[in-house]
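1. okay, sequence plus prediction incoming.
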Amino acid sequence: MQLGVNLDHVATLRQARYRCAKKVPPHAEPSLAAALHAAERAGAHGVTLHLREDRRHIQDQDVWMVKQEGRLPLNLEMSLAPEIVRIALKLKPEEVCLVPERREEVTTEGGLNVVRAEGRLKSVISQLRRKKIRVSLFVSPNLEQVRAAAASGAEMIELNTGAYSEARTASGRKHELSRLMKAGQLGHALGLRINAGHGLNYHNVGAVLAIPFLETLNIGHSIVCRALIAGLEDAIRDMLRLLRAS
Ligand code: PXP
C-alpha cells in the first residue's frame, strides 16, 4: 500500500501568519520544503498539494517548489477552474486529482459529480493526459459515479472515504466500508486504478486496507496533527533552553 502525504495543512498553519503577504517570505514557518523533505526521508510514496482557487493554504510558489525540489511524485489536487487547469498544464505534476471545490467548505467535502460533469470534465482530462499527466477523479463510493469515471478517460479514481470516516456507529462504518469495497471492485473491473482518502486517521485507516485493489491512500490532516503534538514538547524545551542561556 502506498502513502501519499497531503501537505496542505502545513501551509494552512503558515498562512495563518502570512495570509496578507504578496509572496511567502523564505523564512516563513512552517517551511513547506522542510515538510516535503521530511516526507521523503520518512519513506512516503508521494506528496499531494491542493491548489485551491482562493489560495487559502497552498500558494503557486509552493507547487513549483515541490515540483522542482521534490524527489517524490506530485499529486496536484485541483478543481476544473480554467486558471488552475492552465497552471497544471504548465507545471506538469506526475498526477492530478480532480475534485469539486466550493469556497465555503472547510476542506473538500463531496466527490465529483462525474455523471453530470460531461463535456468540461472530459476536455480537461484529455488536455492533462496529452501532457502525460495521470488523472484521478475524486468520487463518492457510488457505482453510477464509478461507471461514469471509467467512461471519462481518467486512469484512476480516488474513493472518498469521508462518509466512512464520519460514521459514528459500528454499523454505519460497516455500511460505508462495504460501499467502498463494492466501488473498488467495480472500478478495477472497469480498468480503473483505485486510490482512496479523506478523513483517514491512525484509528480508522486499518479497516480501509480491505478495499480491493487499493494502491494509494492520500492522508493529510491526521498526519500533520500528530506531527504537531509529537513535536511540541521538544519545541518548548528548545525555546526554554534559549531563554535559560540568556
Ligand atoms: N483526498 C482528497 C481528494 C482530499 O480532498 C483530501 C483533503 O484535502 C484528502 C485526500 C486528505 O484528507 P485528510 O486531510 O482528511 O487526510
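-> Nice, I can see it.
2. could you report the pLDDT at residue 51?
-> Here, the pLDDT recorded for residue 51 equals 98.
3. same deal with residue 202?
-> 98.
4. going forward, count from 46.
-> Will do, 46 is the new start, and the previous item becomes residue 247.
5. tell me who's in contact with it.
-> 267, 271 (CB atoms under 8 Å, 6 or more residues apart in numbering). No exception for glycine: its C-beta is placed from N, CA and C like everyone else's.
6. quick one: it is in a strand?
-> No: going by DSSP: H, G, I helix; E, B strand; the rest coil, the assignment for residue 247 is coil, not a strand.
7. and the nearest residue to residue 252 once chain neighbours are set aside, how far from the ligand?
-> With sequence-adjacent residues excluded and distances taken as CB to CB, 6 or more residues apart in numbering, residue 252 is closest to residue 222, at 5.8 Å. Separation of residue 222 from the ligand (CB to the nearest ligand atom, to the nearest Å): 17 Å.
8. now do residue 166
-> Residue 166 is 15 Å from the ligand, by CB to the nearest ligand atom.
9. the nearest residue to that residue once chain neighbours are set aside: neighbour count?
-> Spatial nearest neighbour of residue 166, chain neighbours left out: residue 197 (6.0 Å); criterion: CB to CB, 6+ apart. Residue 197: 23 surrounding residues under other CB atoms under 10 Å.
10. which ones are touching residue 197?
-> Going by CB under 8 Å, 6+ apart, residue 197 touches 159, 162, 166, 167, 170, 182.
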